[in-house]
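Visitor: predicted structure and sequence below. I'll ask about it afterward.
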Amino acid sequence: MSSDPPRLYGELAPWFHLLTAPEEYAEEAAFFLGQFTDALGEAPRTLLELGSGGGNMASHYKAHVQATLTDISPEMLALSRTINPELEHIQGDMRDLRLGRTFDAVLVHDAVCYIASLGDLTSAIETAFVHLRPGGVAVFAPDHTRENFREATDHGGHDRDGRALRYLEWTYDPDPTDTTYEVAYAYILREGGQPPRVELDIHTDGLFARADWLRLLGAAGFVVERRTLVHSDVEPDAHDVFVAIKPGV
């Protein structure tokens, strides 16, 4: 992970739900619950999310499973508690977190994008493995693999409680020979009748080939299958999803 974390997860965290609103995650949360249920043969009873961020996904799946949320950012955990006050929140790094207990399911959503080296990805995969019961399932959902990466731009934002945010997002790869790409955000923030202000935020994300994902998951002890995200807002095969089963005893 970068030594300089994105401003969105620190000083600008109070604006996060105006960049990406919790209500937009219902369809995706249902998809991931379906992946767990399909792989387990039944609905999971307990779930650990590594890199839960502002709690957007959890705000939907929490009705169906007992969830524990973890994130490296205390600011993001504080934000998540505003919409998920009943859930357990624990600060920790997915590369070395050890809770001393196991779960039916582990979800590693787009926070895994901030894993920027194969060594750190190996560590994050091991964290998921040790927190699963035998027969449990981990789902990893990076924004991109090397094979489906495309440079792109996007924009959006929301208004809420007297504040407003609009953003321009630019995804690009300055060095296709390494294992990272960058996402630049320009945030336009407006609050309390004051003139808008502009903030720049550069995110450095990891980019790995499918073969690397499959190799590292297999080396950790998982039986893994590559699937694709099915969502009404994305093109077919645009996003890889790795469903990894910890063998039973």
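Guide: Structure received. Numbers count the residues shown, from 1 in each chain.
Visitor: have a look at the chain and report its longest strand.
Guide: Ordering each strand of the chain by length in residues (DSSP state E) puts strand 180-191 first.
Visitor: please save the CA atoms from the following helix or strand past that strand in CSV.
Guide: Downstream of strand 180-191, the next assigned helix or strand under DSSP states H and E is strand 197-206. In CSV, the C-alpha atoms belonging to strand 197-206 read as follows (Å, rounded to 0.1, in the frame of the first residue of the first chain):
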residue,chain,number,x,y,z
ARG,A,197,-13.4,24.5,-3.6
VAL,A,198,-11.4,22.0,-5.6
GLU,A,199,-9.2,19.2,-4.1
LEU,A,200,-6.9,16.8,-6.0
ASP,A,201,-6.4,13.2,-4.8
ILE,A,202,-4.1,10.6,-6.5
HIS,A,203,-4.8,6.9,-5.7
THR,A,204,-2.1,4.3,-6.6
ASP,A,205,-3.7,0.9,-7.1
GLY,A,206,-2.4,-2.6,-7.8
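Visitor: contact partners of strand 197-206?
Guide: 2, 6-8, 12, 112-117, 120-121, 142-144, 179-190 (C-beta atoms under 8 Å, 6 or more residues apart in numbering). Yep, even glycine has a C-beta here, placed from its N, CA and C like the rest.
Visitor: and if we set it to 7 Å?
Guide: Among residues not part of strand 197-206, those counted as contacts by C-beta atoms under 7 Å, 6 or more residues apart in numbering are 2, 6-8, 12, 113-116, 121, 143, 179-189.
Visitor: can I see the domain layout of this structure?
Guide: The chain breaks down into these domains under automatic domain parsing: 7-145+208-245, 147-206.
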